[in-house]
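> Pasting a predicted model and its sequence here:
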Amino acid sequence: MSSVAINDDVAFLERYFGIKSYYAYQNELIHHITQKRGDVICRYRTGSGKSLTYLMPAILHNYTVLVISPLCSLITDQVNQMNDNGNYEKIAFNLSSSRCVEEVNDEEEEVFKTDNLSSVRPRILFCTPEKLGTASFRSKLTKMHKEHEFEYFVFDECHLIIESGNSFREEYMKVDWLRKEFRKVPILCYSATCNDFITQELKTLLQMVHPTIFENDNSKKNLFLNIHYVSKHSNDCRCGTKNCSWHSKSDITNPTIIKVVDYYEPGEVLVLCNSRNDVEKMKQHIQNMIPKKKVEFYHAGLDDDSRACIQQKFVQGHIDILVATNASFGVGINLPLVSKVVVVGIPISIQTASQVIGRGGRKGQQYHVDFFVKESDIMKNRIILEKELGKMTANYRKYSTDSFEVVQYLVANSVADKSKCLLNIVLYGVNASSKLLSVPYSDLQDFKKKNLTVRPCNRAKWNPIVKTWYLPPFSENKAVAQWNRGVALCDLCTAPTHCEKCSNCRTRKK
C-alpha cells in the first residue's frame with residue numbers, strides 16, 4: 001500500500017471502519033498526529049471513535065506504531081477488526097499472550113523478522129503492559145526502532161495504567177521505559193475516564209512534554225439510567241419503575257432482572273456481575289427463564305480462544321444476552337448493538353461506573369442502564385477498598401477514597417428526596433474531591449452535634465489515616481460551614497440541567 005494524502009482517505013475510512021467521513025473532533029486530532037505536534041491526552045467520550053484517530057494515521061501513511069492496552073479482550077477486538085477489513089493484507093499484530101508474557105507467539109516472530117522491516121506497509125503492533133515489561137521484548141523494540149522507526153506510541157484505556165498500577169499490578173508503573181528509551185517518539189494517551197487526577201499522574205509517569213488535551217461533549221443524552229437500591233432503612237426499591245420487585249432479600253434471580261432483559265434483539269443485552277460464580281449462576285438462570293434466548297457467559301476463567309470466540313459472536317449479534325464480570329469485558333470494545341446494560345452490584349469507583357454506563361448506545365441509539373444494588377454491596381466494596389488503601393501512595397489513597405464516596409453518594413441519592421440528577425452525579429463525580437476541615441479540639445463537641453443534623457450522605461467524616469475531618473465529594477453540609485476552609489460550591493451544586501431520563505428525574509417529574 002502506498003502512502004496517501006489525508007484528503008484521499010474516504011476509501012480507507014469505509015474499508016476499515018465502515019464510515020464515510022470524520023467527525024470534526026476526530027479530524028482535528030488526526031491532523032495533530034500526522035503533523036507530528038507532540039504528546040497527546042485524548043479524553044473523548046465513550047463511543048466517539050477514539051481508536052480511529054490513532055489507527056487511521058498509520059493506515060494512511062504506512063506508519064509503524066505500538067499500542068499498549070491493559071485489556072486482552074480489547075486487543076483481540078481491534079486486531080480482528082483491522083485485519084478482517086484489510087482483506088488481502090495483515091496490518092495489525094497481537095504480540096501478547098495472556099497465558100505467559102514470556103511466550104513468543106507466531107505474530108511476534110513474523111513482525112520482528114529483519115527482512116520484513118524494510119517493506120512499505122503500516123504495522124500496528126499491540127501488546128499489554130506485562131509484555132512491555134519483559135527484557136526480550138524491549139530488546140526487540142529497540143532493534144526494530146533502529147531499522148524502522150516508530151512514529152508514535154499509544155496507551156489505550158490509559159486510566160487503567162494508573163489505577164491498576166497503584167493497586168495490584170505494579171509492573172504497569174514501569175511503562176515509562178518507552179519515554180526513557182525513545183525520547184523523541186510522541187506518546188498518545190486515550191481514555192474516556194481520563195479525569196484530571198489521572199491526567200496529571202500520566203503526565204508525571206510518562207514524562208509527557210506539554211501534551212495537548214483533546215475533549216468533547218460527554219452529556220450522554222441518549223441514556224436512560226435506573227438505580228434500584230435497597231438498604232436497612234428501605235426494604236423495597238423506590239426507583240419509581242413500574243412493578244419493580246427489587247427488595248432487601250433479592251439476589252441474581254430477582255424477576256425484575258429477567259423482565260428488563262427479555263424484550264431485546266440479539267446482541268443488545270449485556271449483564272455484568274462482580275464475581276465469576278455470580279456470572280455463571282446468572283447465565284444459567286436467564287437461560288432457564290428465557291429458553292428462547294441464546295445466553296453465554298464471559299470471564300477470565302475461560303481460555304483465550306473461548307473468550308475471543310464469545311466476544312466476536314456477541315459483537316456480531318449471534319448471542320442474545322452476554323453475562324460477564326465487570327472487570328473482564330466491555331472497556332473500549334466496539335459494541336454497536338448494545339442497548340441494555342444491567343449491573344448487579346455496584347462498582348467500587350465512580351470512574352468504573354462511568355465506564356459501565358458507556359457500554360451501550362454506541363451508534364447513538366437510546367439505551368438503558370440498570371444498577372441493582374443492595375447496601376451489602378456497598379459494605380463489601382468498603383472492605384475491599386480498606387484492604388487496598390495501605391498499599392497506595394497518599395495521593396492515590398485520597399483519589400480512591402473520594403471515588404468510593406461518590407459511589408455512596410450516588411446510591412444514597414437514589415432514595416430519600418431524590419433531588420439530585422443521578423446522571424449528573426456520575427458525570428461530575430469523576431473529578432470530584434473531598435474537602436478537608438479545620439476543627440479545633442475545643443470545637444469538637446459542637447461540631448459533632450451540628451454534623452448530625454444533616455442527611456448521612458452530607459455528613460463530615462473522620463479520616464483515621466491522616467487524622468482529620470473532611471467533607472465527602474458533593475457534600476452540602478452548611479451546618480459545619482464555619483470549619484470549612486473556604487472551598488467553593490462543587491460543580492454538581494451548580495449544574496444547570498437535569499437529564500430528565502434517570503430514575504430520580506423521572507420520579508420528580510411525576
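It's in.
> Off-centre distance for stretch 165-172?
17 Å (CA atoms, centre = their mean, to the nearest Å).
> can you list contacts of it?
Contact with stretch 165-172 is made by 70, 129-130, 133, 160-162, 164, 173, 388, 391-393, 396, 400, as judged by CB atoms under 8 Å, 6 or more residues apart in numbering. C-beta coordinates here come from the backbone N, C-alpha and C atoms, glycine included.
> Just the buried residues of those.
The neighbour count (16 or more other CB atoms under 10 Å) marks 70, 129-130, 133, 160-162, 164, 388, 392, 396, 400 as buried among the contacts of stretch 165-172.
> now, which of those lie within helices?
Mapping the buried ones among the contacts of stretch 165-172 onto helices (DSSP state H) picks out 129-130, 160-162, 164, 388, 396, 400.
> residue contacts, the residue nearest to Trp469 when sequence neighbours are not counted?
Nearest non-adjacent residue to Trp469, counting by CB to CB, 6 or more residues apart in numbering: Leu437, 4.3 Å away. Residues in contact with Leu437, defined by CB under 8 Å, 6+ apart, are 460, 468-471, 480, 483-485.
> Show which residues not belonging to stretch 154-161 make contact with it.
Contacts for stretch 154-161 (CB under 8 Å, 6+ apart): 41, 51, 54, 65-71, 74, 129, 172-173, 175, 187-191, 193-195, 198, 202, 205-206, 331-332, 351.
> Take those residues and keep only those in helices.
Using DSSP H, the contacts of stretch 154-161 in helices are 51, 54, 74, 129, 198, 202, 205, 351.
> Next, format those residues as JSON lines and append distance to Asn94.
Putting those into JSON lines (distance: CB to CB, whole Å) gives the following:
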{"residue": "Ser51", "distance to Asn94": "15"}
{"residue": "Tyr54", "distance to Asn94": "16"}
{"residue": "Leu74", "distance to Asn94": "11"}
{"residue": "Pro129", "distance to Asn94": "14"}
{"residue": "Ile198", "distance to Asn94": "26"}
{"residue": "Leu202", "distance to Asn94": "24"}
{"residue": "Leu205", "distance to Asn94": "25"}
{"residue": "Gln351", "distance to Asn94": "27"}
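> Kindly supply the ChimeraX command isolating those of those that are buried.
Entered in ChimeraX, the line below selects the buried ones among these, by 16+ other CB under 10 Å:
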select :51,54,74,129,198,202,205,351
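> for the stretch 101-250 of the chain, which spans come out with low pLDDT?
Residue ranges of the stretch 101-250 of the chain with pLDDT under 70: 101-110, 113-121.
> Where do the strands of it begin and end?
123-127, 152-156, 187-190, 212-214, 223-230 (DSSP state E, counting those that start in this stretch).
> need the helix or strand of the protein with the lowest average pLDDT.
Least confident helix or strand of the chain, by mean pLDDT, DSSP states H and E, is helix 106-111 with a mean of 69.
> picking up where we left off before, export the strands of the stretch 101-250 of the chain to a markdown table and append columns for mean neighbour count and distance to Val269.
Output for the strands of the stretch 101-250 of the chain, formatted as a markdown table (neighbours: other CB atoms under 10 Å; distance: least, CB to CB, whole Å):
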| stretch | mean neighbour count | distance to Val269 |
| --- | --- | --- |
| strand 123-127 | 23 | 28 |
| strand 152-156 | 25 | 26 |
| strand 187-190 | 26 | 27 |
| strand 212-214 | 16 | 32 |
| strand 223-230 | 24 | 14 |
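> would a markdown table of those strands with distance to Phe372 be doable?
Converted to a markdown table, those look like this (distance: least, CB to CB, whole Å):
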| stretch | distance to Phe372 |
| --- | --- |
| strand 123-127 | 35 |
| strand 152-156 | 30 |
| strand 187-190 | 31 |
| strand 212-214 | 35 |
| strand 223-230 | 5 |
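> before we move on, back to that, so which of the buried ones among the contacts of stretch 165-172 would you say is closest to Phe224?
Nearest to Phe224 among these: Leu160, at 27.4 Å, using CB to CB.
> follow-up on the earlier one: farthest-separated two in the buried ones among the contacts of stretch 165-172?
Top of the distance list for these (CB to CB): Gly133 and Ser400, 23.6 Å.
> Next, Leu272: phi, psi?
With angles defined as degrees, to the nearest 10, Leu272 shows backbone torsions of phi -120, psi 130.
> Let me see the contact set for it.
Leu272 neighbours (CB under 8 Å, 6+ apart): 323-326, 329-330, 341-344, 356.
> same deal with Gly364?
Asn222.
> let's go with 10 Å and repeat that
47, 221-222, 336 (CB atoms under 10 Å, 6 or more residues apart in numbering).
> Can you tell me the SS state at it?
Classification of Gly364 using DSSP: H, G, I helix; E, B strand; the rest coil returns coil.
> Alright, that wraps it up for me.
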